[in-house]
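1. got a predicted structure here, sequence first:
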Amino acid sequence: MFITKRKMSFIAICSILMAVNVQAQSKHPADTAKVKPADTTRKPPVVPPTIKPYKEVITADMKSSRGFITVHQKDDKFFFEVPNNILGRDILIVSRVSKASAEMRNGSSGYAGDQIGETVYRFEKGPNKKLFLRRIFYLEYESDSTQPLFAGVQKNNVLAISAAFPVAAYKPDSSATVVDVTEFLNSDNDVLYFQKKQFKDRAGMGAQQNDRSYIDYVHSYASNVEIHAVKTYAAGMNPTASNYTVELNSSLVLLPATPMQPRLFDQRVGYFITGHRDFEANAQGVEDKIYAVRWKLEPKPEDVEKYKRGELVEPAKPIVFYIDPVTPKKWVPYLIQGVNDWQKAFEKAGFKNAIYAREAPSKEEDSTWSIDDATHSAIIYRPSVIANAMGPSVADPRSGEIIESHIFWYHNVMTLLSSWYMAQCGAVDTNALHLQLNDSLMGTLIRFVSSHEVGHTLGLRHNFGSSSTVPVEKLRDKAWVEAHGHTPSIMDYARFNYVAQPEDHISEKGLFPRINDYDNWAIQWGYTWRPEFKNEFDEQKALVKIASDSLAKNHRLWFGSEVSFTDYRCQNEDLSDDVVKAGEYGIKNLKRLMPNLMKWSTVANEDFEKPFDMYKTLYSQFNLYLGHATNIVGSIERTDKVGAQSGAVYEATSYEKQKNAVQFLARNVFTTPLWLKNDDMLNKTSTNFPTEVNQMQNNIITALLSRNRMGRMLWMEQNNEAGKKAYTLSEMLQDLNRAIFTEVYAGKSVDVYRRGLQKAYVSRILQQVFTQVNDGDISTMVVPFGYNYVNSDAYALLRDNLNQILTLVKQAKAGAVDKYTRLHLQDLENRITTKFNAEKKG
């Protein structure tokens, strides 16, 4: 559930700034003789504005807020005094919802803190005594004007002028330009407020209502300007509201004149990325410069030599998170500790006290402090039914330097945490078996989620592969798992140690996730200051070797991407190097919990909604274990490498693992999981248990027989390494036949659960045989493993399997031992023959 703002399919975000001023020229009809004197349709010629003396525009009775832009205000009029020394400088404008309307909510969006824009702009002088604001779109970018292609890149990337301001006055010493921004601030523009139309559409907002909208304040600081506006919008497409009133905050953040030296991305270390397209790096082509996203940490000037000697020093500018003042006080210490827990990791990079959290200052302590200020990082607490938390960040697109972050903490995430802990650890920790966990336990759960989200704000992506490096039996070894943890990364989705059994007597230390080996290493890779390298390219050579050497020595440092969808090692919610065996241990614990579920979750004066929620949690956990095993079948393991490393990048998962996974499914889901049938629970709800079980089985069959998966299995068979046995599609079909039609082969009665299973299996095969188009199962994400399904062997193998099933049911029908079995077999025969006969007629 912990998600991040940035998309993992993003490979190169690039942009270029243009220094060319584009002057629009008015075109008028050449023949004006036909225009009558009284004709008023012609636009008057452009008349440059009258520039008044500074003192006539900026009067003594104005309030002024001085910063990198000085803001002058009188009543409802606002002026920007823009110094010449920031013309052409990059200004990052970050827009957020400061206070939201309950009627604008849409899922997890529509809350205070929502980011509604993040774009770079520049002020520049224009013609006709105007000041322009130009949008800078980093797609194709060349910063070095000495390079031959610099002019060519600029020529083909003219960037939009987003706003034009007539010059009202010049500062007496000519060092700054004064412009009236009143109309600009009050308008519903896409520079300051909803920078993209989809943000407003998502909230169902229509046009701004000017008579009910106003500017609350504009404050200026050394490196940022904060604009706070109250805006009322028509309801637009929302039929339940007539209008919305919201408060919006726009931060104009002056980016460094000289960008931080970037660190080139290494796909073996999981960082978020930014970058641009480079035309100079390759004389015969185009390359993408991809940078890791990270904070700028450097020692104080007086500590540089200490740092070089290996002494721990404090950074010149530490990473500070403020806790939202609306956060319930009892959770504040745990959120703070979740941030501070990263201090040890930064010591690996040579810095002490590099990151910490503190409570936001009160108005009495600092009347100018605002949580909306884009130079402040914060943990925002949201009173919401959404069970989630997320940690986005704002970064300089030129270098990847993180400017700030707002972590969103949704109140109802605590419900999710207690449900997870109950299902995964309730069999070994009775403290989990309460509808309300004690504050100490809940606080500890909050602490680990806080650390996970902070990890994202430090630039770290999910490492879904981390837990796959841990031997499954070590998770039951009390001494080992309490010392080393059940996953090497807090950035994994490995919530709790569900492998641990009651007899193992493992404490919370061996059950909970923690900042661990991979996290320490990734921070060391990303944040060690390396002044010995004059540029990112020299630095990259050293860092690539460091990563290669580290990975060769310690497999626990392996990064498995959350977008490696075809690699079973990179799943969420799984544990260990053997997810099948881990799943068996997990199911044992679920079976221990199920019989006593009603006893501890029923409340005497309430209905059975809460016990049923707990039941659904156990049911969902069981489905996770089934999914982990399913994803082994057809899995292709991806291990990213550089040219100096030996071995394959893509390898088929072993025959034994895939075969074992299908056998696991045969034991645990194709054999009816009657242990889930808690009669005491089910007779108090309207749940149809046979239908629910059949849907579960149908989901597994649908996943196993997806065209995506079958295509990968064919690839494995046809590209098999010498001497390595492949688990083929043909063998999987035979294994499924034996597991699903066990009674039919034996001439025994088929019960209601198994009849539903067999129908689901036959229906899925019929669908794949007689739907001869590439359906949604084919995904570009599996390239080069995707197949043209209709032209592949899968189609013929499935047809052959249908004929085998048809022969089987015909033979078994005559000896059926009861009416329901006979009718069921007849039905299967009819389904298959009807499709074959229709095909012949067609």
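-> Sure thing, it's come through.
2. show me what contacts Cys425?
-> Applying CB atoms under 8 Å, 6 or more residues apart in numbering to Cys425 gives the contacts Ala432, Phe496, Asn497, Tyr498, Ala500, Leu511. From N, CA and C alone the C-beta is placed, and that goes for glycine too.
3. what about it, distance to Leu557?
-> Separation of Cys425 from Leu557 (CB to CB, to the nearest Å): 27 Å.
4. within the sheet, what are the partner strands of the one helix or strand Ser162 maps to, with directions?
-> Here Ser162, judged by DSSP states H and E, is contained in strand 161-170. Applying DSSP bridges to the sheet, strand 161-170 is found paired with strand 130-138 (antiparallel), strand 176-180 (antiparallel).
5. for the stretch 551-700 of the chain, just list every one of the helices.
-> 579-593, 597-601, 609-630, 655-665, 679-682, 689-704 (DSSP state H, counting those that start in this stretch).
6. just checking, what packs against the first one?
-> Judged by 3 or more CB pairs under 8 Å, 6 or more residues apart in numbering; DSSP states H and E, helix 579-593 is in contact with helix 413-425, helix 609-630, helix 655-665.
7. one more time with 7 Å
-> Judged by 3 or more CB pairs under 7 Å, 6 or more residues apart in numbering; DSSP states H and E, helix 579-593 is in contact with helix 609-630, helix 655-665.
8. can I get that helix as PDB, trimmed to CA atoms?
-> Taking Å, rounded to 0.1, in the frame of the first residue of the first chain, the C-alpha atoms of helix 579-593 are listed here in PDB:
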ATOM      1  CA  VAL A 579       8.300 -18.600  -1.400                       C
ATOM      2  CA  VAL A 580       6.600 -22.000  -1.700                       C
ATOM      3  CA  LYS A 581       8.000 -23.200   1.600                       C
ATOM      4  CA  ALA A 582       7.500 -19.800   3.200                       C
ATOM      5  CA  GLY A 583       3.900 -20.000   2.000                       C
ATOM      6  CA  GLU A 584       3.400 -23.400   3.600                       C
ATOM      7  CA  TYR A 585       4.700 -22.000   7.000                       C
ATOM      8  CA  GLY A 586       2.400 -19.000   6.500                       C
ATOM      9  CA  ILE A 587      -0.600 -21.200   5.900                       C
ATOM     10  CA  LYS A 588       0.200 -23.200   9.000                       C
ATOM     11  CA  ASN A 589      -0.100 -20.000  11.000                       C
ATOM     12  CA  LEU A 590      -3.400 -19.000   9.300                       C
ATOM     13  CA  LYS A 591      -4.800 -22.400  10.200                       C
ATOM     14  CA  ARG A 592      -3.900 -21.700  13.800                       C
ATOM     15  CA  LEU A 593      -5.700 -18.400  13.800                       C
END
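9. mind listing what's buried along that helix?
-> Buried residues in helix 579-593, counted by 16 or more other CB atoms under 10 Å: Val579, Val580, Lys581, Ala582, Gly583, Glu584, Tyr585, Gly586, Ile587, Asn589, Leu590, Leu593.
10. between these, which sits nearest Ser646?
-> Minimum distance to Ser646 across the buried residues of helix 579-593 is 27.3 Å, recorded for Val579 (CB to CB).
11. list the contacts of that closest one.
-> Tyr568, His628, Ala629, Ile632 (CB atoms under 7 Å, 6 or more residues apart in numbering).
12. how far away is Glu453 from Asn106?
-> Relative to Asn106, Glu453 is positioned 22 Å away (CB to CB).
13. neighbour count winner among those two?
-> Glu453 (24 against 11; other CB atoms under 10 Å).
14. what's the neighbour count on Leu87?
-> There are 15 residues near Leu87, going by other CB under 10 Å.
15. tell me the contacts of it?
-> Leu87 neighbours (CB under 7 Å, 6+ apart): Phe123, Glu124, Lys125.
16. how does it look with 6 Å?
-> Residues in contact with Leu87, defined by CB atoms under 6 Å, 6 or more residues apart in numbering, are Phe123, Glu124.
17. pLDDT on the strand holding Ser162, on average?
-> If you average the pLDDT over strand 161-170, you get 95.
18. now do stretch 380-395
-> Summarised as a single mean, pLDDT over stretch 380-395 is 86.
19. please apply the same query to stretch 740-760.
-> 96.
20. what does stretch 589-596 give?
-> 97.
21. also stretch 485-492?
-> 98.
22. how about stretch 62-69?
-> Averaged over stretch 62-69, pLDDT sits at 94.
23. what's the answer for stretch 822-830, then?
-> 96.
24. what's the spacing between it and its chain's center?
-> Taking CA atoms, centre = their mean, to the nearest Å, one finds the center of stretch 822-830 at 47 Å from the center of the full chain.
25. if we go by neighbour counts, what in that stretch is buried?
-> Using 16+ other CB under 10 Å as the test for burial, stretch 822-830 gives Arg822, His824, Leu825, Leu828, Glu829.
26. any idea whether the nearest residue to the first one once chain neighbours are set aside is helix, strand or coil?
-> The one in question is Arg822. Using CB to CB, 6 or more residues apart in numbering and skipping residues adjacent in sequence, the residue nearest Arg822 is Ala816, 3.7 Å away. Reduced to three states with DSSP: H, G, I helix; E, B strand; the rest coil, the structure at Ala816 is coil.
27. go on, Thr375?
-> Here Thr375 is recorded as coil under three-state DSSP.
28. any idea how far it lies from Ala160?
-> 26 Å.
29. in the chain, where is pLDDT below threshold?
-> The chain contains residues with pLDDT under 70 at 1-49, 107, 141-145, 156-157, 237-241, 280-285, 721-722, 772-789, 842.
30. domain boundaries for it, per the record?
-> Listed domain ranges for the chain are 45-253, 319-622, 688-841 (source: automatic domain parsing).
31. among these, which is nearest Gln267?
-> Using CB to CB, these put domain 319-622 closest to Gln267, at 7.9 Å.
32. gap between the two ends of that closest one?
-> 40 Å (CA to CA, to the nearest Å).
33. just how off-centre is that domain within its chain?
-> 14 Å.
34. identify the residues contacting stretch 88-102?
-> The list of residues contacting stretch 88-102 from outside it, by CB under 6 Å, 6+ apart, reads 110-112, 114-122, 193, 195, 244, 246-247, 249-255, 372, 374, 394.
35. return the subset of the residues you listed lying in helices.
-> Judged by DSSP state H, helices contain none of these.
36. what's near enough to touch His824?
-> Neighbours of His824 in contact, by CB under 6 Å, 6+ apart: Val750, Arg755.
37. now name the helix or strand holding it.
-> Residue-wise, His824 maps onto helix 819-841 under DSSP H and E.
38. skip the chain neighbours and tell me the closest residue to Gly236.
-> Going by CB to CB, 6+ apart, Gly236 has Gly206 as its nearest residue, at 3.3 Å.
39. before we move on, the earlier item: out of Thr375 and Ala160, which sits in the more crowded spot?
-> A count of neighbours by other CB under 10 Å puts Thr375 above the other of Thr375 and Ala160, at 16 against 13.
40. for the residue nearest to the more buried one when sequence neighbours are not counted, give the beta-bridge partners.
-> When the adjacent residues along the chain are set aside, Thr375 lies closest to Asn224, with 5.1 Å between them (CB to CB, 6+ apart). Beta-bridge partners of Asn224, counted by DSSP bridges, are Val253.
41. so who does Asn224 touch?
-> Residues in contact with Asn224 (CB under 6 Å, 6+ apart) are Ser251, Val253, Thr375.
42. which parts of the stretch 501-650 of the chain are strands?
-> For the stretch 501-650 of the chain, the strands defined by DSSP state E, counting those that start in this stretch occupy 636-638, 650-652.
43. okay, now the sheet partners of the first one, with direction.
-> Note on strand 636-638: by DSSP bridges, its sheet partners are strand 650-652 (antiparallel).
44. just the buried residues of the strand it pairs with, please?
-> Neighbour-count burial for strand 650-652 flags Glu651, Ala652 (criterion: 16+ other CB under 10 Å).
45. what helix or strand is Lys710 located in?
-> No Lys there; residue 710 is Met. Assigned by DSSP H and E, Met710 belongs to helix 707-718.
46. so which of the helices and strands packed on helix 579-593 comes closest to Asn837?
-> Comparing the helices and strands packed on helix 579-593 by their distance to Asn837 (CB to CB), the top pick is helix 655-665, with 31.9 Å.
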